[in-house]
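Student: Here is a sequence with its predicted model. Questions after.
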Amino acid sequence: MIIDYKLEKIFPLMFLIIGITLILSGIFLTGMSLLISINSTSLIGILILLIGVIIVFLRKGTLLDFDKKKIKHYVGLFFIKIGKWKTTENYSFISVLHLNQKSFGYSRTGVQFSEKNKIYRIYLLNRTHREKLKITDFDDLVNADLEANKIAGIMNMEFVKYNPI
C-alpha cells in the first residue's frame, strides 16, 4: 500500500500570483492569436501558459510504501513525481515535532510582509533520534498524532517523544 502525502507548493504566494497572471495572459494571447491567425504570438502565448502552469501546480510531496518499507520525497507536477526511493529499515521510531515557519517578502517600495505558520511535522527517527525522515505536515496536533499513530501501527514502529541521545 502506497500513501501520497502532498506537501507545500514549491513557490511562495508572491510567485503563485505571478503564475496565475501568466496563465491568464497565456490564455488571452493564445486565444486572440488563434482567432486572427496562427503566428508567433500564439507560440509565445502557449509558452507563457506553460510557465504559469508549472509555477502554480509544482509541489513537493512524500510517497510512503508500507509493503516495501520505502519512502520517496518528490517534486511533482500533476501525475509526474520525480524523486529517489530510500529504505526505512534503519528507522524504528516515529514522532511529531512542532515547527514555526516564517517567510518574508519585500515590495519595491520597501514594505515588508510576512507569513507565519505553526506546523506539526511527522518524522521517522532512527535509534538515536539524530537522523530524521520527513513524512508530512499538519496544521493541528490532534490530526498529526492520529496520522502518526496510524503509520506506526501499519509499519510496526513505536510512537515516541523526540529525544535525541
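Tutor: Perfect, I can see it now. Numbers count the residues shown, from 1 in each chain.

Student: which residue sits closest to residue 28, ignoring its sequence neighbours?
Tutor: Spatial nearest neighbour of residue 28, chain neighbours left out: residue 45 (7.4 Å); criterion: C-beta to C-beta, 6 or more residues apart in numbering. Yep, even glycine has a C-beta here, placed from its N, CA and C like the rest.

Student: Would you check that that neighbour makes contact with residue 23?
Tutor: No. Between residue 45 and residue 23 there is no contact under C-beta atoms under 8 Å: 10.7 Å.

Student: for the lengthiest helix in the chain, which positions count as buried?
Tutor: Ranked by residue count, the top helix of the chain under DSSP state H comes out as helix 13-36. Counting neighbours by 16 or more other C-beta atoms under 10 Å, one finds that the buried residues in helix 13-36 are 16, 19, 22, 23, 25, 26, 29, 30, 33.

Student: residues of stretch 43-63 that come out buried?
Tutor: By neighbour count on 16+ other C-beta under 10 Å, the buried set for stretch 43-63 is 45, 48-49, 51-53, 55-63.

Student: Among those residues, find me the one that's closest to residue 122.
Tutor: Nearest to residue 122 among the buried residues of stretch 43-63 is residue 62, at 9.5 Å by C-beta to C-beta.

Student: Quickly find the element holding that closest one.
Tutor: strand 58-65 (DSSP states H and E).

Student: angle of that strand against helix 13-36?
Tutor: 110 degrees (axes from the mean of the first three to the mean of the last three C-alpha atoms, to 10 degrees).

Student: next SSE after strand 58-65?
Tutor: As assigned by DSSP H and E, the chain's next helix or strand after strand 58-65 is strand 70-77.

Student: which helices and strands sit right next to that following strand?
Tutor: strand 58-65, strand 80-87, strand 132-138 (3 or more C-beta pairs under 8 Å, 6 or more residues apart in numbering; DSSP states H and E).
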